[in-house]
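# build me a model:
(chains A and B)
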Amino acid sequence: MTLVRPDARAATLVVRGAHVVDPREGVERVLDVVVEDGRITAVGKGVTVPEGAEVVDGAGRHLMPAFVDPHVHLRVPGQEHKEDLETGTRAAAAGGFCAVVAMPNTEPVVDSAPVLRALRDAAERDARVPVAFMASITRGLRGAELTEMAELRSEGAIGFTDDGKPVVAAGVLRKALQYQRLAGGLLALHEEDPSLSGRGAMHEGEVSALLGVAGIPSVSESTMVARDCALAGYEGARIHLQHLSCAESVDAVAAAKDRGVQVSCEVSPHHLCLTDEAVRGLDTRMKMNPPLRTEADRQALIDGLRSGVIDCIATDHAPHARDEKEVPFEQAPMGTTGLETAFAAVYTHLVEPGVLDLGLVVDRMTSGGEPLGIPAPRVRPGEEANLVLADLGAEWEVGEHGYESRSENCCFAGQRLRGRVLLTIAAGAVAYRERAFAVVRA
Amino acid sequence: MRHLLSIEDLDRAAIERICDRAASFAEVADREIKKVPALRGRTVLNLFYEASTRTRSSFELAAKRLSADVVNFAASGSSVEKGESLKDTVLTLNAHKPDAIVIRTPWAGAAALVAKWTPAAIVNAGDGKHEHPTQALLDVHTLRQRVGGLDGLNIWIVGDVLHSRVARSNILAFQKMGAQVTVCGPPTLIPRGVEALGCDVRFTLDDLPEADVVYALRMQHERMDDAFVPTLREYANEYQINGRRLHPRQVLMHPGPVNRGVELSGEVVDSPQAVITAQVEAGVVVRMAVLYEVLASARTGEPVHEPAPA
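Presented below is the predicted three-dimensional model:
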């Protein structure tokens, strides 16, 4: 099993009278859910409360399958001043996630079995929710020689990515795609042509023209999306495209899917909710790669998510220390945190105004592990309990009480969002409980 | 006015107020004792992260003519080269209790950022490729002196607009003063989306005769490394302002330093249409007016620039 599961006490509890939303089960109504020893044993009305079970009042609240994030940066090893396995997975639990997939662009890079082994051992000790680890496609993310992918797979690498960087040379990526037949494992790709991005620090467009900040054109991404879809189709390989940001990329993926290319892709909450207008004040929390793009791009991403061209929502949670972000915009590192705000941001910006259905959002926030072999959690008897209880009406200000993450570089900071996670059950254990959360009967 | 961070923050009235005050300071330069006591006892700190002789000495002279004490802090040879962050540098310099900090950096938005870290008034002397507001103010002042007002003027800004903070500040300032602005240059050096600033875009000098004012930008040799234009020779063939292209009724401006034979031919630099030395002269009086504005006339109910929330 590639997911490292922390050792935690299996929960026994009943969530009574919550509005259960599970699009895969076709459920959207008020029900009781019983969890015994970490497994869902009953979903229905007037259930019997098992001996010693905690009863949670779900009235007026929503109970959903917990979320899965295929794209987070936990910064271990080497950058523990930004985040570590405990703080990162605590942030995940606080955001309603029951599993996350960590990227290998650490120091050292996760490009060899010993590094991966040590990381998985550490996760067993420190993680609050199950974690899987990607290894890099190329050694040291240098884009030249492949890693020992077969050995890394047998050590538990869930897939491979050079995330943070593209695999620039098509010939190198092609070899990795061919090698997938031996090693298996999904190849997740950060799509960017560095010769087009140059020294760009934000989306190339009207706002960058006004600010005099070098731009990253959207074709920097979409040309690589098209190229890599062509390569994957030619080799019959499976690829996953990370953090799509622009309309042209959505079009390129749609065309590839029509041709039968085995490609899945993700979009981040920030690309769904914000545009380059947010960069006008040169707030470094708005600096990420790929950059926030135009309103037309945002709409194309929303449409893509709705139609299924885009398979899932992934946060690309990218913590950076305060002093690293407290610099002029062009000097700042790219990235925003996202685990603690993902659901609330998407709910507030897209579900409440009626742009997307809650059921669809739940589907896309739980499906992120599927291309990697992590099944989407379900609210169904017999399943391991992976649940999130949220109060959709509760309004909160992002950052008002700090973060579970070690870092605070959140692009939604200061926004008033609705949709507050009260309780997260991950792999059958209570992983997060909101501070003011009331227990009816223990 | 608390700070001068960008032209974007100013309205026409503020620009006119600064230029009017600059005009009133002009006679100081002609006195035998070139000093007024307006800022006596105030400390102005020049914090320059980029090499600059003209702008820095222009600010220094402006502060001294207003009787302020001036400290120059150049990034080279200082703690900055030892890896100190901008924030730490500013917090350290705060200990000297400057009343104003004149700052130039290679980073967009740095002046606005510094304004959050110090109680001093901040004057942006160039932040990356973003803005150079005092250059735009002195250019407006020069034009007002030369042709009266800018209303209805057709101003062409020619050259490397992509890398030019002067261009961005001037597009905004000239338009606020009622002029119509056209930018012209090689397609590789015109930023995508620049029309959003309200200017027209041309890629040839064919319609240059329609301009009342031709503002040539400096063509930096460094740009050759990134192959934005094939050669300076080709650039000059297409975009050089020379005697053949410049009409006697047109006014020629340049922010300096000029590359003779590249963006301007020698003959036009020395022609009566050129106001390049008048711009340099305007630099001192306009910067006097700006320092006066942020230090002596601060908190008089004029619009205050509120920095964006942290």
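# pLDDT score assigned to the residue in the stretch 51-200 of chain A that chain B sits nearest to?
At 8.3 Å from chain B, residue A:198 is the closest residue in the stretch 51-200 of chain A, using CB to the nearest CB. In this view, the C-beta of every residue, glycine as well, is placed from N, C-alpha and C. Listed pLDDT for residue A:198 reads 94.
# if I pick the closest residue to it other than its chain neighbours, what's in contact with it?
Spatial nearest neighbour of residue A:198, chain neighbours left out: residue A:214 (6.2 Å); criterion: CB to CB, 6 or more residues apart in numbering or on different chains. Contacts here follow CB atoms under 8 Å, 6 or more residues apart in numbering or on different chains; on that basis residue A:214 touches A:198-201, A:204, A:208, A:330, B:129.
# restricted to helices, list those residues.
Members of the contacts of residue A:214 lying in helices (criterion: DSSP state H): residue A:208.
# and the contacts of residue A:214, which two are furthest apart?
Maximum pairwise distance among those (CB to CB): 14.2 Å, between A:204 and A:330.
# select only the buried ones of the contacts of residue A:214 in ChimeraX?
Restricted to buried positions by 16 or more other CB atoms under 10 Å in any protein chain shown, the ChimeraX selection for those reads:
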select /A:200,201,204,208,330 /B:129
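# I'd like to know which of the contacts of residue A:214 is nearest to residue B:110.
Among these, and counting by CB to CB, the member closest to residue B:110 is residue A:330, at 8.7 Å.
# hmm, residue B:105 and the closest one touching each other?
No. The criterion here is CB atoms under 8 Å, and residue A:330 misses it with residue B:105 at 9.6 Å.
# mind listing the shared neighbours of those two?
Joint contacts of residue A:330 and residue B:105 (CB under 8 Å, 6+ apart) are residue B:128.
# show me which residues of the stretch 1-150 of chain B sit near chain A.
By CB under 8 Å from any CB of the partner chain, the residues of the stretch 1-150 of chain B that approach chain A are B:8, B:85-87, B:105-110, B:112-113, B:127-131.
# if you set the cut-off to 7 Å instead, what comes out?
Contact residues (CB under 7 Å from any CB of the partner chain) of the stretch 1-150 of chain B with chain A: B:85-87, B:105, B:107-110, B:113, B:128-130.
# now the most centrally placed residue in chain B, what's its secondary structure?
Centroid-nearest residue in chain B: residue B:135, 1.9 Å away (criterion: CA atoms, centre = their mean). Three-state call for residue B:135 (DSSP: H, G, I helix; E, B strand; the rest coil): helix.
# tell me who's in contact with the closest residue to it other than its chain neighbours.
Using CB to CB, 6+ apart and skipping the chain neighbours, the partner closest in space to residue B:135 is residue B:166 (5.1 Å). The neighbourhood of residue B:166, defined by CB atoms under 7 Å, 6 or more residues apart in numbering or on different chains, consists of B:132, B:135, B:217, B:255.
# now residue B:166: which helix or strand?
Element membership for residue B:166 (DSSP states H and E) is helix B:165-176.
# just the C-alpha atoms of that helix, please, in PDB.
Below are the C-alpha coordinates for helix B:165-176, written out as PDB (Å, rounded to 0.1, in the frame of the first residue of the first chain):
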ATOM      1  CA  ARG B 165       9.400  52.400 -15.800                       C
ATOM      2  CA  VAL B 166       9.700  55.800 -17.300                       C
ATOM      3  CA  ALA B 167       7.300  54.800 -20.000                       C
ATOM      4  CA  ARG B 168       4.700  53.400 -17.600                       C
ATOM      5  CA  SER B 169       4.800  56.500 -15.400                       C
ATOM      6  CA  ASN B 170       4.700  58.900 -18.300                       C
ATOM      7  CA  ILE B 171       1.900  57.100 -20.100                       C
ATOM      8  CA  LEU B 172      -0.200  57.600 -16.900                       C
ATOM      9  CA  ALA B 173       1.000  61.200 -16.200                       C
ATOM     10  CA  PHE B 174       0.700  62.500 -19.700                       C
ATOM     11  CA  GLN B 175      -2.900  61.100 -20.000                       C
ATOM     12  CA  LYS B 176      -3.900  62.600 -16.600                       C
END
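# roughly how far is it from the heart of the chain?
Relative to its chain's centre, helix B:165-176 lies at 9 Å (CA atoms, centre = their mean, to the nearest Å).
# need the nearest residue in space to the residue in the stretch 301-442 of chain A positioned nearest to chain B, chain neighbours excluded.
Scanning the stretch 301-442 of chain A for the residue nearest chain B gives residue A:328, at 3.3 Å (criterion: CB to the nearest CB). Spatial nearest neighbour of residue A:328, excluding adjacent residues (CB to CB, 6+ apart): residue B:107 at 3.3 Å.
# again with residue A:207
residue A:276 (4.6 Å).
# neighbours of that neighbour, how many?
If you count neighbours by other CB atoms under 10 Å in any protein chain shown, residue A:276 ends up with 24.
# ok, how many other residues are close to residue A:180?
Neighbours of residue A:180 using other CB under 10 Å come to 22.
# ok, now residue B:185?
Residues near residue B:185, counting by other CB under 10 Å: 28.
# distance check, residue B:233 against residue A:140.
43 Å (CB to CB, to the nearest Å).
# domain parsing for the chain?
Just going to use chain A. Split into domains by automatic domain parsing, chain A comes to A:13-63+A:383-433, A:66-372.
# right idea, wrong chain: chain B
B:7-132+B:283-295, B:133-279.
# for the shortest one, measure first residue to last.
End-to-end distance for domain B:7-132+B:283-295: 18 Å, by CA to CA, to the nearest Å.
# buried residues in stretch A:400-416?
A:403-413, A:415.
# surely residue A:368 is in a strand?
No. Read with three-state DSSP, residue A:368 is coil and lies in no strand.
# was I right to think it contacts residue A:315?
No. Using CB atoms under 7 Å, residue A:368 makes no contact with residue A:315, being 9.3 Å away.
# tell me, what's touching the two both at once?
residue A:69.
# neighbour count winner among the two?
Higher neighbour count among residue A:368 and residue A:315: residue A:315, with 32 against 27, using other CB under 10 Å.
# neighbours of residue A:306, how many?
16.
# and the pLDDT at it?
Reading off the model, residue A:306 has pLDDT 98.
# please, which helix or strand holds it?
helix A:295-307.
# send the alpha carbons of that helix over as PDB?
The C-alpha trace of helix A:295-307 is given here as PDB (Å, rounded to 0.1, in the frame of the first residue of the first chain):
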ATOM      1  CA  GLU A 295     -11.500  36.000 -15.700                       C
ATOM      2  CA  ALA A 296     -12.000  34.200 -19.100                       C
ATOM      3  CA  ASP A 297      -9.500  31.600 -18.000                       C
ATOM      4  CA  ARG A 298     -11.200  31.200 -14.600                       C
ATOM      5  CA  GLN A 299     -14.500  30.700 -16.400                       C
ATOM      6  CA  ALA A 300     -13.000  28.100 -18.700                       C
ATOM      7  CA  LEU A 301     -11.600  26.200 -15.600                       C
ATOM      8  CA  ILE A 302     -15.000  26.300 -13.900                       C
ATOM      9  CA  ASP A 303     -16.600  25.000 -17.100                       C
ATOM     10  CA  GLY A 304     -13.900  22.300 -17.400                       C
ATOM     11  CA  LEU A 305     -14.500  21.200 -13.900                       C
ATOM     12  CA  ARG A 306     -18.200  21.000 -14.400                       C
ATOM     13  CA  SER A 307     -18.000  19.100 -17.700                       C
END
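# give the next helix or strand downstream of that helix.
strand A:312-313.
# quick revisit: buried residues in the helix holding residue B:166?
In helix B:165-176, counting by 16+ other CB under 10 Å, buried: B:165-176.
# cool, and stretch A:54-64?
Applying 16+ other CB under 10 Å to stretch A:54-64 flags A:54, A:56-58, A:61-64 as buried.
# taking the residues you listed one by one, which sit in strands?
With strands taken from DSSP state E, the overlap with the buried residues of stretch A:54-64 comprises A:54, A:56-57, A:62-64.
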